[in-house]
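Asks: Structure for this input, please:
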Amino acid sequence: MSTFTIFGIFFIMWWIVFFIVLPLNITTHMDKGINIKGIHGSVPINPKLVYKLIVTTIVTFIILLSLVLLFYFDILTMNKILSID
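Replies: This is a model prediction of the structure:
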(Lines give C-alpha, C1' and ligand atoms only; values in the text may rest on other atoms or scores of the structure.)
Protein backbone atom coordinates (compact mmCIF):
# COMPACT_ATOMS: atom_id res chain seq x y z
CA MET A 1 0.00 0.00 0.00
CA SER A 2 1.26 3.45 -0.82
CA THR A 3 1.28 6.30 1.66
CA PHE A 4 -1.40 8.12 -0.33
CA THR A 5 -3.69 5.07 -0.21
CA ILE A 6 -3.23 4.66 3.54
CA PHE A 7 -3.96 8.37 4.08
CA GLY A 8 -7.10 8.10 1.94
CA ILE A 9 -8.35 5.07 3.85
CA PHE A 10 -7.56 6.83 7.15
CA PHE A 11 -9.48 9.93 6.03
CA ILE A 12 -12.61 7.99 5.06
CA MET A 13 -12.49 5.77 8.16
CA TRP A 14 -11.94 8.82 10.39
CA TRP A 15 -15.19 10.42 9.22
CA ILE A 16 -17.13 7.17 9.65
CA VAL A 17 -15.81 6.70 13.19
CA PHE A 18 -16.41 10.40 13.95
CA PHE A 19 -20.09 10.13 13.02
CA ILE A 20 -20.36 7.03 15.22
CA VAL A 21 -18.70 8.74 18.21
CA LEU A 22 -20.41 12.13 17.79
CA PRO A 23 -23.83 11.35 19.32
CA LEU A 24 -22.40 9.37 22.25
CA ASN A 25 -22.59 10.76 25.79
CA ILE A 26 -24.33 14.07 25.10
CA THR A 27 -26.71 16.01 27.33
CA THR A 28 -29.31 18.20 25.66
CA HIS A 29 -31.26 21.20 26.89
CA MET A 30 -34.39 19.05 26.85
CA ASP A 31 -32.73 16.42 29.08
CA LYS A 32 -31.90 19.06 31.69
CA GLY A 33 -35.29 20.78 31.39
CA ILE A 34 -33.76 24.07 30.26
CA ASN A 35 -36.00 26.21 28.06
CA ILE A 36 -34.25 29.16 26.41
CA LYS A 37 -36.03 31.18 23.74
CA GLY A 38 -34.38 30.70 20.34
CA ILE A 39 -32.59 27.44 21.23
CA HIS A 40 -34.05 24.10 20.23
CA GLY A 41 -34.36 21.48 22.97
CA SER A 42 -32.12 18.97 21.20
CA VAL A 43 -29.07 21.26 21.20
CA PRO A 44 -26.23 19.69 23.25
CA ILE A 45 -25.14 21.58 26.34
CA ASN A 46 -21.49 20.48 26.23
CA PRO A 47 -20.73 18.31 23.18
CA LYS A 48 -17.06 17.69 24.23
CA LEU A 49 -15.85 17.97 20.62
CA VAL A 50 -12.12 18.05 21.37
CA TYR A 51 -12.41 14.83 23.39
CA LYS A 52 -14.42 13.21 20.60
CA LEU A 53 -11.88 14.30 17.97
CA ILE A 54 -9.05 12.73 19.99
CA VAL A 55 -11.00 9.51 20.59
CA THR A 56 -11.93 9.31 16.91
CA THR A 57 -8.31 9.72 15.82
CA ILE A 58 -7.04 7.07 18.24
CA VAL A 59 -9.75 4.54 17.35
CA THR A 60 -9.27 5.11 13.62
CA PHE A 61 -5.51 4.72 13.97
CA ILE A 62 -5.95 1.41 15.81
CA ILE A 63 -8.37 0.09 13.17
CA LEU A 64 -6.09 1.19 10.32
CA LEU A 65 -3.02 -0.28 11.98
CA SER A 66 -4.77 -3.63 12.40
CA LEU A 67 -5.83 -3.63 8.73
CA VAL A 68 -2.32 -2.76 7.54
CA LEU A 69 -0.85 -5.55 9.68
CA LEU A 70 -3.40 -8.04 8.35
CA PHE A 71 -2.38 -7.21 4.78
CA TYR A 72 1.35 -6.99 5.57
CA PHE A 73 1.53 -10.47 7.13
CA ASP A 74 -0.72 -11.97 4.41
CA ILE A 75 -3.43 -12.94 6.88
CA LEU A 76 -5.91 -11.07 4.73
CA THR A 77 -5.32 -10.74 0.99
CA MET A 78 -7.45 -9.61 -1.91
CA ASN A 79 -7.46 -13.20 -3.23
CA LYS A 80 -8.90 -14.42 0.09
CA ILE A 81 -11.49 -11.65 0.12
CA LEU A 82 -12.61 -12.50 -3.41
CA SER A 83 -12.28 -16.27 -2.77
CA ILE A 84 -9.74 -16.73 -5.57
CA ASP A 85 -7.34 -19.57 -4.86
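Asks: So what's the residue count around D31?
Replies: When neighbours are defined as other C-beta atoms under 10 Å, D31 has 12 of them. To be clear about C-beta, it is placed using only N, CA and C from the backbone, and glycine gets the same treatment.
Asks: Can you list the neighbours in contact with the helix or strand it falls within?
Replies: Using DSSP states H and E, D31 sits in helix 29-32. Residues from elsewhere that reach helix 29-32 (C-beta atoms under 8 Å, 6 or more residues apart in numbering): 35-36, 39-43, 45.
Asks: same thing but 10 Å
Replies: Contacts with helix 29-32, where a contact means C-beta atoms under 10 Å, 6 or more residues apart in numbering, come from 35-36, 39-45.
Asks: which element follows it toward the C-terminus?
Replies: Taking DSSP H and E, what comes next after helix 29-32 is helix 49-72.
Asks: Buried residues of that following helix, list them for me.
Replies: Of all the residues in helix 49-72, those buried under the rule 16 or more other C-beta atoms under 10 Å are 52, 56, 59-60, 63-64.
Asks: how distant is that helix from the center of its chain?
Replies: Relative to the centre of its chain, helix 49-72 is centred 8 Å away, using C-alpha atoms, centre = their mean, to the nearest Å.
Asks: Which neighbouring elements make contact with it?
Replies: helix 3-21 (3 or more C-beta pairs under 10 Å, 6 or more residues apart in numbering; DSSP states H and E).
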